[in-house]
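J.: I would like the atomic coordinates for the input below:
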Amino acid sequence: MDEIKSVAVVGLNIGRSHIAEAYAPRPERWRLAAVCDRNQERLDAVADEFSAESRTLHFDDLLARDDIDVIDIATPPATHFELVSRALAAGKHVVCEKPLVGSLHEADLLANAQAQSGQMLMPIFQYRFGEGVQKARRIIEAGLAGKPYLGTVETHWKRTPDYYAVYWRGKWETELGGVLMTHAIHQHDMMTYLMGPLRRLFARATTRVNAIEVEDCVTASWEMANGALVAASATLGSQNEISRLRLCFENVTFESGGEAYSPGDEPWTILPANQAVAADIRDLVADLPPVGRRFLGQMDAFHEALHGRGPVPVTIDDARRALELATAFYHSAQTGSDVSLPISPDHPKYRGWRPDRA
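T.: Prediction:
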C-alpha cells in the first residue's frame, strides 16, 4: 500500500478548494498535517471544517517540521516566489497556485532552485484535468485531427467591485496583473496544451469594467508555431460566465462545453470530418483512463509522481510557457507591437511586465 503523503496548505481562500476537492476526498493518499493563514478567523474555520492536525499563522513553522512532505502554496501571487524558494530550500515538495511568479526571470530562478533541491515543484493548472480536454489531447497527439487551422478561446467572466474589495486584488504590486493573470491564464494554457506553442502575438488590453489598476478586457491574435491562427478574448464584464475553446483541424472540430470554472469537463463537442475518422476516434478513446476533474485529477496525478509512477503532471516549464505568453500579451499591449516568441533574457519584459516598474 502506498505511503500516505502529509501536506500543509498555506493560504486558505483558494487553498480551501484544494483541500475540499483533492486532499479531503483521498484520506488514503493525503494527510492534512497543517493549515496556515494570516487571517485567524479563516484559519480556524478551515482547520475545524477539515480536522487539520495543526494550524498556524506562521509559514516558518511549516518549514521546521520534518513530518511534512508537501507544502501547497495558495497565497496571493506576489508572495509565491519567496515562499516557493524557501519551501524548496527546506526540502519540501511544493504545489503552487497560478500565476507561479511575476516574471520569466523568477521562473528561471525557481527552475534552478528546484533542480538543486531535488524536490518536485508542481504549478496549478487544474483545468487540464477533465475527460473532454483529455480526449481532445489524445486525438490531436495521435494525429487523427490532422492539420490545425484555427482556434478561438474566450474567457468571459464577471467580477464586481465586491470582488476587488479584497486588499491584494486589482493591484499590480500584489496581483501582478488582471484578467490575463488571474482568470484567462487557465484557458490560454489549455489552448497551448492542445494547439502547441506560439510564434507571434499581437494584443490589446484595457480597463473598462472596474475601477482597478490592472486590465479587465483583452483581445489578441496569435500565430502558432505550426502555422495555425488563434483569436483570444477575455473580459470580466460578461453577464453570463463562460470559458470556451473551439479548435478547427483538418479532420476534426473540437468545442468545449463552456463551463466557466471547469472547461476541461465533458461534454465536449467532437465533430469528425467523416465516418472513417469517427470510427478511428471511437477506437482511440475507448480505453482512455478516468481523469479526476480539476484539483482532484491534478493531485491524484501528483501523488502518482511522488511514488515514482509517472511524471509531474504540470511542470515549471508549463508554468513558464504560460508566463511567456502573458509577457508577450503585456509587451504587445503596452507598446502596440507584434511580439515574437520565445522571449529571451535580453527582452525588455524578461524581468517583469508591470508598468509600475517600467
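J.: alpha carbons only for contacts and neighbour counts from here, please
T.: Will do.
J.: I'd like the distance between Phe41 and Ala47.
T.: To be clear, residue 41 is Glu; Phe isn't right here. Per C-alpha to C-alpha, to the nearest Å, Glu41 is found 10 Å from Ala47.
J.: do the same with Phe295
T.: Using C-alpha to C-alpha, one gets 19 Å for the distance from Phe295 to Ala47.
J.: ok so, going back, compare Glu41 and Ala47 (neighbour count), which wins?
T.: When neighbours are counted by other C-alpha atoms under 10 Å, Glu41 and Ala47 differ, and Ala47 comes out ahead with 21 against 10.
J.: Remind me which helix or strand that one belongs to.
T.: Here Ala47 is covered by helix 40-49, with elements defined by DSSP states H and E.
J.: helices or strands next to that helix in the packing?
T.: Identification of packing neighbours for helix 40-49 by 3 or more C-alpha pairs under 8 Å, 6 or more residues apart in numbering; DSSP states H and E yields strand 30-36, strand 55-56.
J.: Which strands and helices lie in contact with the strand or helix carrying Arg321?
T.: Using DSSP H and E, Arg321 maps to helix 316-335. Using 3+ C-alpha pairs under 8 Å, 6+ apart as the contact criterion, the secondary-structure elements in contact with helix 316-335 are helix 104-117, strand 121-123, helix 184-195, strand 198-206, strand 339-340.
J.: tell me, how many neighbours does Gly308 end up with?
T.: Burial measure for Gly308: 10 neighbouring residues, criterion other C-alpha under 10 Å.
J.: which stretch of helix or strand covers it?
T.: With elements delineated by DSSP H and E, Gly308 resides in a region that no helix or strand encompasses.
J.: could you dump stretch 343-355 to CSV, C-alpha only?
T.: Listed next in CSV are the C-alpha coordinates belonging to stretch 343-355 (Å, rounded to 0.1, in the frame of the first residue of the first chain):
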residue,chain,number,x,y,z
ILE,A,343,11.2,35.5,-25.2
SER,A,344,14.9,35.6,-24.4
PRO,A,345,16.6,37.1,-21.3
ASP,A,346,17.6,40.2,-23.2
HIS,A,347,13.9,41.1,-23.8
PRO,A,348,12.8,44.3,-22.0
LYS,A,349,10.0,42.4,-20.2
TYR,A,350,12.0,39.3,-19.2
ARG,A,351,12.3,40.6,-15.6
GLY,A,352,8.7,41.6,-15.4
TRP,A,353,5.8,43.2,-17.3
ARG,A,354,4.4,45.5,-14.6
PRO,A,355,4.0,49.1,-15.9
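J.: residues of it that come out buried?
T.: Ile343, Lys349, Tyr350, Arg351, Gly352, Trp353, Arg354 (16 or more other C-alpha atoms under 10 Å).
J.: looking at this, the fourth one is in a helix?
T.: By that I understand Arg351. No. Checked against DSSP: H, G, I helix; E, B strand; the rest coil, Arg351 lies outside a helix; its state is coil.
J.: That one and Ala203: what is the separation?
T.: Distance of Arg351 to Ala203, given as C-alpha to C-alpha: 20 Å.
J.: For the closest residue to Phe249 other than its chain neighbours, grab the count of nearby residues.
T.: Nearest residue to Phe249 in three dimensions, chain neighbours excluded: Pro148, at 4.3 Å (C-alpha to C-alpha, 6 or more residues apart in numbering). The number of residues packed around Pro148, counting by other C-alpha under 10 Å, is 21.
J.: Nothing else from me, thank you.
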